[in-house]
Structure formats: C-alpha cells, structure tokens
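# My questions concern the predicted model and sequence given below.
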Amino acid sequence: MKNRQVTLLLFGYLISLWHSTFANEPASATKTFTSSQTLFANPERGWITHRFSNDLYDVNSLRESAEKVSLVLIKIDISAYKNSVHIGQSKLNEIRSALDTCRQQGLKVIMRSAYSWNLVLAPEPKSIETVKTHIMDMKPIYYQYEDIIVAVEMGMFGPWGEMHSSYFSTTNTQLYYPIKTAALQQVHTTYMSALPNTRSVLLRTPYYIRQIFNSNTPLSSAEAYTGTPKARTGYHNDAYLASSDDEGTFSYGWSRAQELAYISQMTRYAFFGGESFGTPNSAYNKAQNAMLESKQQHMTYLHRDYYKPIYNAWGTAGKEEFTRKLGYRFQLKTLSYSKEVAPGGILSFSLKVQNIGFSAMHLTRPVKLILDNGKTGSARITYNTNLSVDPRNWTPEANIISIDRKLRIPANISQGVWQLLLILPDNNTRLQSDVRYTVRFANENIWNTDGTHVLTKDISIQASASGSRTKDNVFQEVTI
Ligand SMILES: *[C@@H]1O[C@H](CO)[C@@H](O)[C@H](O)[C@H]1NC(C)=O
Ligand SMILES: *[C@@H]1O[C@H](CO)[C@@H](O)[C@H](O)[C@H]1NC(C)=O
Ligand SMILES: *[C@@H]1O[C@H](CO)[C@@H](O)[C@H](O)[C@H]1NC(C)=O
C-alpha cells in the first residue's frame, strides 16, 4: 500500500516536471499526402515538339495535348546568312516573335540554330569567326527571353546542327565526321559569353564534352550549379537508344557502359534530352530498357513526334510513364506541424518530399509558403515567405527529402484557423504570377488552380497557445 502511494507521488511529480520542461513545445500533428498518377504539364521538362522559328503552328494546343507538352525546340534556319557577317534583322525579329508566341502560350523553349536543315555536307561559313559572330548576334535575344529559354543546343555545325558532316569536321570532304576540338572549344566559349550564366549549352555527344574540357571526368557535385563552363554544359542525343553505339553517338573508343556511366554522373546536375531513333522494339529502345536508361541518364526531355513507332511500341501505359517521369516529378509525403500556435509564436514545420522523376530540376526557383485565412476577395489575408531550400537538390537519388524548419508567426496576425499553402513559382519575376509556370506536385486533393498546394487547413492561431512569442510582425524562417 505504502509503496503504491510513493509510486503514484513519484509519477505525479514526473508529470509536473515533464509539463514544466516541455510546455513550450506546442502539440504537433502529422498529415500524410496521397500520391497521384494524373498527367499534367510542368515547366522545363517532358515531351517536346519541334518548330521552325518561322512556323509556330498549333502551339496553343500543346499544353492540353495527351503528352502535356510545355517545352518546344525552336529550330532556327540561318542558311541565308552563310555569307554575311551578321544575321539579318528580319531573322532576329522572327525569332523574337516566335519566343513571344511561346511565352503567350505558357511554353518554354530549347533553341538550336543551323546553316542547313537537310543532309548537306559542310553548310557553314568557312570562317569560324563568322560562326562566332552569328552566335553573338543572338546574345540580346538570349538575355531578353532568359525567362523562357531553358537551354540551347549547340547546333551551328553540319546539317540540322547535328554536329557532324561539317566544314569544321576532322575530314570535311565526306559525311559524318566529327567536329575538330579547336572549333568545338571556340564555339563553346562563345556560347558561354552569349548566354546568361544561369543557362547551359547542350552538346551532341559526351565525347565532345570530354574534348572541350580535355578531361574524362564528368561534372562533379562540387562543381554543379556553380556557373563554371563545365557546370553550364549538358548533352543531347538525337539517336537515342538506336543501337549499341546510338548510331555514332558513342563511337569514340569508349564502350556503351563507359559512356552511360559518364552520362549518368554528369546528368545528375546537367540537362539531358533528345530524340529516339531506330527500329521499334529493338534491344535498346524497347519499353523496359528505355525506362531503365532514361532513369539512369536522367532524361529531362524527349521529342514526342519522332520516332512515333518506337513510342507506340511502348503502349499507352509506357508512354504515360514517360509523360510523368521525364525530368522531375515531385511528390509530397508527409507534413508534421504545430496545430496550435500563438501570434508571434513558432510554428514547427517538417515536410517530406520525393522526386520520382528521371532527373533533378536543373533551374532553381523559390519554394514559397503562404499563410492564408481562407477567405475570398478583399477579406482574404495572406503572409508569404520563401523557404531556404533549393529544389535542384531534390534529386531522384536523394530519396525522401526532409525540410525541417521553424517559422515565426506574425505577432499581429488575427486569431482563428489558418491554412498553410505551398507554391513553387517561376524564378523570374516576369513569370512569377503566371500559374502555367508554377510546379505542380503529384498528389491528390491538394492542388489549386492558382498554382498553390494546400498543406493543411487547420492551423489554429490562438493567444492561449503554449510556447514563446515575440512582437515581430513578419512570417519567416527563424533559427532557434
Ligand atoms: C533566380 O533569380 C535570382 C534573383 O532574381 C537570380 O539571381 C538567379 O540567377 C536566378 N537563377 C536562375 C537559375 O535562373
Ligand atoms: C522569394 O524569392 C523570389 C525569387 O528570388 C523573389 O522574387 C521574391 O521576392 C521572394 N519573396 C519573398 C516573400 O521573400
Ligand atoms: C502587420 O504588420 C505588418 C508590418 O508592420 C504590416 O505590413 C501588416 O499590414 C500588419 N497586418 C495587420 C493585419 O495588421
């Protein structure tokens, strides 16, 4: 009997001790999100289609197409300027007009310029200086339309800008020879100064990248996104999965396995896209291998219209997996948060996110939280803050990413039940309020047509809530 009383007393004492020690921590709730298979467009990734800069037919229906196209390869025919010092103003105006149309349609672009779009040997000017001047002629456009330009394929050399059969090839009297290293390096250097330093140039083979940098070492995590020339160099393959050497893409002394290992490393942090080629259902382009290699090579974009029989052989389910997985596809897993916070108090916040796509997001953007009173019209009140997080780091290899933060609730916020919303708007202020350029997460029941995602609707803001508080009137991350 006596022992039991002592135990109860001790127990009561421990409870009161626990209360006084932990009373400052408001109770936390956890919510689990449901994943979604829905197909939708997302910026800077996915199936692409090709258009010449003078013929942007049917671009108004791309985003709503079955393949949810939001990215267009703009092909620029500069053959008329082969013998001119500069690209003509009419061509530059035509490019601007094409890019204006894409922006109006909520699309982004990849660009490629070439001196011939037919199989013609050595279509370029005979002076590399002229080629370089032509690239610099487009520099103002690259800056003016930086918001919608995702990357530029190097082009310039050879028919279709496919970087063979060029006047600057190792042999220029026959088709299909590769470009000489010195010419590659000069044109690469020119692109580095013609493009904004957040934008990359994509080379036709991994061999060319090794030649330009005179190194067999792929881009490292330490150098990624630092703005160095190597960090701004990606890869495209226009004979994707065609054969064991992808029709000459890998015919420079390395085995396919060696090439894929190199590509797999560099494309963790650099763009990779292209176009398929070959006989449908062959060893490399059949559905199972295509899925495997696209994941391994971190594929961001693929030409929807070529080669269709290959995609048809994948079946609807296979094609839809590509619609989902090209590039990044983010999914929310769980949110743990303080259910009750005082004005001026601290909201603890832990969000778990996963990228189930083939690749990272290579252009960064803000990750923004919104506290919203849930009212409409003039009664709606919101407080915004950017999280200190870079979504480029939400890589497929990172598995589940945990974003753990403390957020100061504004001291002058009105008491009541508030919602917490998440939005990833474009990084460029010009596109920041355009919902077509926000990123949509692959979850059910949380996406709003204004581009926000409802994380939770039940944060109770009450002066009676436990925890410390300040008089700061801002919603922001704090370190405590
Ligand atoms: C994002 O925007 C910031 C500020 O506007 C800018 O400094 C930065 O270069 C941009 N980053 C990218 C990848 O566009
Ligand atoms: C969030 O970041 C973007 C891009 O850097 C910037 O334009 C915007 O003003 C920031 N918003 C807030 C609330 O700090
Ligand atoms: C809270 O304070 C901020 C900063 O002083 C101010 O901008 C905001 O309008 C205030 N909000 C309310 C609801 O009083």
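Now that the structure is in, tell me what you want to look at. Residues are numbered from 1 along each chain as shown. Ligands and ions are numbered 1, 2, ... in the order given.
# C-alpha from now on. contacts and neighbour counts both.
Noted.
# Does the residue nearest the centre of the chain lie in a helix or a strand, and which?
By CA atoms, centre = their mean, the chain has its centre lying nearest to residue 361, at 2.9 Å. For residue 361, there is no helix or strand it lies in under DSSP states H and E.
# Identify the residue spatially nearest to it, adjacent ones excluded.
Spatial nearest neighbour of residue 361, chain neighbours left out: residue 392 (5.0 Å); criterion: CA to CA, 6 or more residues apart in numbering.
# got the domain boundaries for the protein?
26-38+330-478, 46-325 (automatic domain parsing).
# Next secondary structure after the strand or helix carrying residue 129?
Here residue 129, judged by DSSP H and E, is contained in helix 128-137. Of the helices and strands lying after helix 128-137 in sequence (DSSP H and E), the nearest is helix 139-144.
# Report the distance from that following helix to the chain centre.
In terms of CA atoms, centre = their mean, to the nearest Å, the centre of helix 139-144 is found 21 Å from the chain centre.
# again, but for stretch 117-133
For stretch 117-133 - counting by CA atoms, centre = their mean - the centre lies 32 Å from the chain centre.
# what comes into contact with that stretch?
With CA atoms under 8 Å, 6 or more residues apart in numbering as the test, stretch 117-133 has contacts from 77, 79, 82-86, 115-116, 156-161, 165-168, 172-175, 183, 186-187, 190.
# The residue in the stretch 351-480 of the chain that ligand 2 sits nearest to: helix or strand, and which one exactly?
Residue of the stretch 351-480 of the chain nearest ligand 2, by CA to the nearest ligand atom: residue 385 (4.3 Å). Here residue 385 sits within strand 382-386, counting by DSSP H and E.
# Kindly report the same for residue 406.
Assigned by DSSP H and E, residue 406 belongs to strand 400-408.
# who touches the following helix or strand past that strand?
With elements assigned by DSSP H and E, the helix or strand that comes after strand 400-408 is strand 416-423. Residues outside strand 416-423 that contact it (CA under 8 Å, 6+ apart): 367-374, 438-439, 451-462.
# how about a cut-off of 10 Å?
Contacts to strand 416-423, defined as CA atoms under 10 Å, 6 or more residues apart in numbering, come from residues 339-340, 366-375, 381-386, 435, 438-441, 446-448, 450-463.
# With stretch 211-221 instead?
Stretch 211-221 has contacts (CA under 10 Å, 6+ apart) with 180-189, 206-210, 225, 229-234, 261-270.
# and if we set it to 8 Å?
Stretch 211-221 is contacted from outside by 181, 184-185, 188, 210, 230-231, 262-263, 265-266, 269, using CA under 8 Å, 6+ apart.
# Please read off the pLDDT at residue 480 from the model.
Per-residue confidence (pLDDT) for residue 480: 79.
# now residue 14
The per-residue pLDDT reported for residue 14 equals 45.
# which residue sits closest to the closest residue to ligand 2 within the stretch 1-150 of the chain, ignoring its sequence neighbours?
Closest to ligand 2 within the stretch 1-150 of the chain is residue 147: 12.4 Å, counting by CA to the nearest ligand atom. Spatial nearest neighbour of residue 147, excluding adjacent residues (CA to CA, 6+ apart): residue 428 at 5.8 Å.
# so the residue of the stretch 1-150 of the chain closest to ligand 2 is in which element?
Under the assignment here (DSSP H and E), residue 147 is part of no helix and no strand.
# how many other residues sit next to it?
When neighbours are counted by other CA atoms under 10 Å, residue 147 registers 18.
# list the contacts for it?
Residues in contact with residue 147 (CA under 8 Å, 6+ apart) are 428, 430-431.
# got JSON lines for these, with secondary structure too?
Listed next are the contacts of residue 147 as JSON lines, based on DSSP: H, G, I helix; E, B strand; the rest coil:
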{"residue": "428", "secondary structure": "coil"}
{"residue": "430", "secondary structure": "helix"}
{"residue": "431", "secondary structure": "helix"}
